[in-house]
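Trainee: Compute the structure for the input listed below.
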Amino acid sequence: MPPAKRPDDYAVLVPFRPRRASDGGLAGADAASDEDLDRRELAELERRYRERAGRDATAASRLGLMLLRRGEEDEAEAWLRRAAEAGHRGAATNLGVLMHRQDRLPEARRWWFRAAEAGSRIAAFSLGALLLDSVPQAAGQHDSEDLNQALYWLRNAAEAGHVRAALVLGEYHEQQGHESAERWYRRAAEAGHPEAAYRLGCLNHERGDERGASAWYLRAASCGHTASAVRLARLLQQAGDVVEAEEWYRLAAEEGDPGAARALGFLRQDAGDAEAAAHWWRHAAEAGDGTAANALGALLAAQGRDGEAAHWYEQAAATGESNGAFNLGLLHTARDDDAAAERWYRMAAYAGHAEAANALAGLLLSRGDAEEAEVWFARASEGGSLDGAYNLGILYARRTTSDGQSAAERCWERAAEGGHPDAALQLGLIRERRGDEQAAVRAYRIAAGEGRTIAAVRLAGILARLGDRDGAEHWYASAADAGHVTAMLRCGVLLARRGAEAAAARRFRAAADAGSIAGAWNLALTHLRRGDFDGAEPWLRIAAEHGHGRAAMRLVVLALKAGDVAGAEHWCGPVVAHGPPELADRARRLLRALREEMAS
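Mentor: Take a look at the predicted model:
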């Protein structure tokens with residue numbers, strides 16, 4: 001038999017409201033407590049009850065209840081028993097409560113049964129709950145007589161208006177997977193029981209009816225039900241109503257719910273209110289919430305308060321929050337305290353923290369322990385760490401065997417599928433070397449989309465070969481904007497080919513300003529195509545002075561047109577020196593002719 005619940009889990013003492021001594025006479029049956037009376041009145045009331053208790057079951061019942069509230073259980077039992085044996089159902093109910101408190105369960109059951117048969121819904125609930133609690137939960141034990149009796153009395157109480165009986169019936173039927181659970185929860189909720197409203201909210205939530213769930217959560221939360229307030233806040237937050245969500249989180253947090261305080265902290269952080277975020281996270285962390293402690297530590301670390309951050313990270317780690325241990329490892333790594341970092345990384349890694357496993361492996365690899373590093377990189381990869389999969393691939397790639405290369409490719413493929421840009425870049429290079437340009441394009445797109453400039457350039461090159469000029473131009477422009485000089489040139493060429501001369505000139509100018517001779521040459525050509533010889537000349541000079549033979553030949557031509565024989569002779573020299581061969585031959589012949597003419 002499972003351990004007995006507290007008596008008040010089943011029933012409360014049947015109360016009464018005594019009249020003032022001046023009113024004369026005894027009880028009504030409505031709820032009240034002895035605290036409503038002063039000592040003198042209580043003493044007078046007790047005297048009256050004692051005078052009548054020997055011949056009046058109601059007086060005996062009330063005297064027993066008064067004594068029971070004072071803790072005088074032995075005498076209380078005697079008077080309650082006398083009244084109960086005389087047929088007083090309130091006394092029988094309260095005697096059952098006393099028996100239950102004293103762990104005399106068979107007697108509690110007997111007296112509650114007598115009171116329930118006499119029409120007490122409180123006793124019917126207490127008896128049903130006691131019987132239900134005694135039913136074994138093992139499979140095949142759901143048709144026992146005790147179970148049938150328990151459900152009978154609970155239904156009896158619920159149909160007579162006992163709200164908690166309806167709640168207990170709902171809980172039982174929910175555990176059994178019966179649809180009737182909702183009917184009993186609804187009966188209790190509509191009678192004002194917040195826990196039943198909460199359960200109805202959960203049932204609606206589980207079947208995807210968020211609107212229905214919100215309505216029941218709101219009803220329960222409005223009665224002060226903390227868990228409902230938290231769930232309602234989450235639904236509101238998911239729907240984008242952050243202001244209303246914050247109010248419900250705050251209400252629950254002020255009632256001491258650490259999860260609500262944690263959530264409220266994140267909302268305040270998102271709103272830019274770091275002070276309020278820290279306040280609520282501290283509340284949650286002090287209540288044992290490891291996630292909040294870790295968040296508070298991260299906030300303090302970002303403010304440069306590493307000592308305080310370490311304290312809260314340790315608090316988080318102590319609750320089993322592996323992020324706390326991981327962050328402690330990062331703090332110690334930043335301090336070059338590898339021994340302490342390793343200790344915390346190991347704690348988090350053994351708890352299944354994939355990024356901690358990756359960090360631990362990196363630490364081991366840095367001191368030459370590649371064998372153990374590989375073990376932890378593998379664990380990190382298995383745990384979902386993209387960095388772990390990428391780094392494991394690097395270890396495999398260092399092996400010269402085909403198996404090692406294949407294993408590396410599998411690792412990078414796994415990481416690339418998760419969006420790891422460096423793994424995608426490596427995968428793209430492998431696929432491009434293999435001649436599988438379509439697969440290379442897919443991989444390069446991932447890497448280029450995450451800002452890997454080399455991937456953008458290679459992607460653009462493949463797209464250009466495949467005839468996708470727009471795509472090629474887009475990715476060359478992306479790499480050019482990131483400062484890749486070759487991409488600036490190629491983007492300029494594509495722009496020039498489609499007639500976007502001004503845009504092409506800007507790309508060539510950027511390349512030239514970055515020191516590209518080809519950029520200066522192409523910029524000069526852009527000016528020449530527009531007939532802007534003056535604009536072209538300085539860029540031709542820059543290119544020619546850095547060994548660009550074609551640029552030097554253009555300067556020769558410009559000099560001859562201007563009648564500057566000496567200038568033409570000067571620029572023939574770089575053409576002869578740097579070619580290309582056909583231009584060098586022409587320059588030699590021209591140079592001889594110029595010298596002969598000057599000599600004549």
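Trainee: buried ones in the helix ranked longest in the chain?
Mentor: Ranked by residue count and defined by DSSP state H, the top helix of the chain is helix 581-599. Neighbour-count burial for helix 581-599 flags Leu583, Ala584, Ala587, Leu590, Leu591, Leu594 (criterion: 16 or more other Cβ atoms under 10 Å). Every C-beta, even on glycine, is put in place using the N, C-alpha and C of the backbone.
Trainee: Run through who's touching that helix.
Mentor: Applying Cβ atoms under 8 Å, 6 or more residues apart in numbering, the contact partners of helix 581-599 are 549-550, 552-553, 556, 565, 568-569, 572-573, 575-578.
Trainee: Distance from the chain centre to whichever strand or helix holds Val230, please.
Mentor: Applying DSSP states H and E as the criterion places Val230 in helix 226-238. The chain centre lies 16 Å from the centre of helix 226-238; the measure is Cα atoms, centre = their mean, to the nearest Å.
Trainee: now the helices for the stretch 451-600 of the chain?
Mentor: Secondary structure of the stretch 451-600 of the chain (DSSP state H, counting those that start in this stretch): helices at 453-465, 469-481, 485-497, 501-513, 517-529, 533-545, 549-561, 565-578, 581-599.
Trainee: what about the third one, average pLDDT?
Mentor: The one in question is helix 485-497. Averaged across helix 485-497, the pLDDT comes to 96.
Trainee: if we can go back for a sec, out of the buried residues of helix 581-599, which is nearest to Ala354?
Mentor: Within those, distances to Ala354 taken as Cβ to Cβ reach their minimum at Leu583, with 60.8 Å.
Trainee: which ones are touching the nearest residue to Gly547 once chain neighbours are set aside?
Mentor: Closest residue to Gly547 apart from its sequence neighbours, by Cβ to Cβ, 6 or more residues apart in numbering: His578 at 4.6 Å. If you count contacts by Cβ under 8 Å, 6+ apart, His578 has them with Gly547, His548, Gly549, Ala552, Ala584.
Trainee: of all the residues you listed, which comes closest to Phe125?
Mentor: When those are compared for distance to Phe125 (Cβ to Cβ), His548 comes out closest, at 98.4 Å.
Trainee: So what's the residue count around Arg101?
Mentor: 15 (other Cβ atoms under 10 Å).
Trainee: Angles on the backbone of Arg104, please.
Mentor: The phi/psi pair for Arg104 (degrees, to the nearest 10) reads phi -100, psi 70.
Trainee: distance of it from Trp216?
Mentor: To Trp216, Arg104 is 39 Å away according to Cβ to Cβ, to the nearest Å.
Trainee: who's more crowded, the two?
Mentor: Taking other Cβ under 10 Å, Arg104 and Trp216 do not tie; Trp216 has more neighbours (27 against 14).
Trainee: Pretty sure Asn204 is one of the things the more buried one touches, is it not?
Mentor: Yes - with contact defined as Cβ atoms under 8 Å, Trp216 reaches Asn204; the gap is 6.3 Å.
Trainee: buried sites along stretch 124-136?
Mentor: Applying 16+ other Cβ under 10 Å to stretch 124-136 flags Ala124, Phe125, Ser126, Leu127, Gly128, Ala129, Leu130, Leu131, Leu132, Asp133, Ser134, Val135 as buried.
Trainee: which of the residues you listed has the weakest pLDDT?
Mentor: The pLDDT minimum for these sits at Val135, where the score is 84.
Trainee: How about it, nearest residue that isn't a chain neighbour?
Mentor: Among residues not flanking Val135 along the chain, Leu147 sits closest, at 4.7 Å (Cβ to Cβ, 6+ apart).
Trainee: Other residues contacting the one helix or strand the one you found maps to?
Mentor: For Leu147, the host element (DSSP H and E) is helix 145-159. Applying Cβ under 8 Å, 6+ apart, the external contacts of helix 145-159 come out as 116, 121-122, 124-125, 127-132, 134-135, 141, 165-166, 168-169, 172, 184, 187-188.
Trainee: can you check stretch 555-562 too?
Mentor: 533, 537, 540-541, 544, 565, 567-568, 570-572, 575, 587, 590.
Trainee: Among those residues, which one sits closest to Ala407?
Mentor: Distance to Ala407, by Cβ to Cβ, is smallest for Ala544 among the contacts of stretch 555-562, at 52.3 Å.
Trainee: Who are the contact partners of the closest one?
Mentor: Residues near Ala544 by Cβ under 8 Å, 6+ apart: Ala551, Ala552, Leu555, Trp571, Pro574.
Trainee: ok, back up a step: buried ones only from the contacts of stretch 555-562, please, as a PyMOL command.
Mentor: Here is the PyMOL command that selects only those of those that count as buried (16+ other Cβ under 10 Å):
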select buried, resi 533+537+540+541+544+568+571+572+575+587+590
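Trainee: for this structure, which spans come out with low pLDDT?
Mentor: For the chain, the stretches flagged by pLDDT under 70 are 1-37, 137-143, 599-600.
Trainee: rerun that using 80 as the cut-off
Mentor: The model of the chain has pLDDT under 80 over residues 1-38, 136-143, 596-600.
Trainee: Could you check how far Leu42 is from Leu67?
Mentor: Between Leu42 and Leu67 the distance is 12 Å, computed by Cβ to Cβ.
Trainee: neighbour count winner among the two?
Mentor: Neighbours of Leu42 and Leu67, each counted by other Cβ under 10 Å, are more numerous for Leu67; the result is 20 against 17.
Trainee: Looks like that one contacts Glu75 (just checking).
Mentor: Yes - the criterion here is Cβ under 8 Å, and Leu67 meets it with Glu75 at 5.2 Å.
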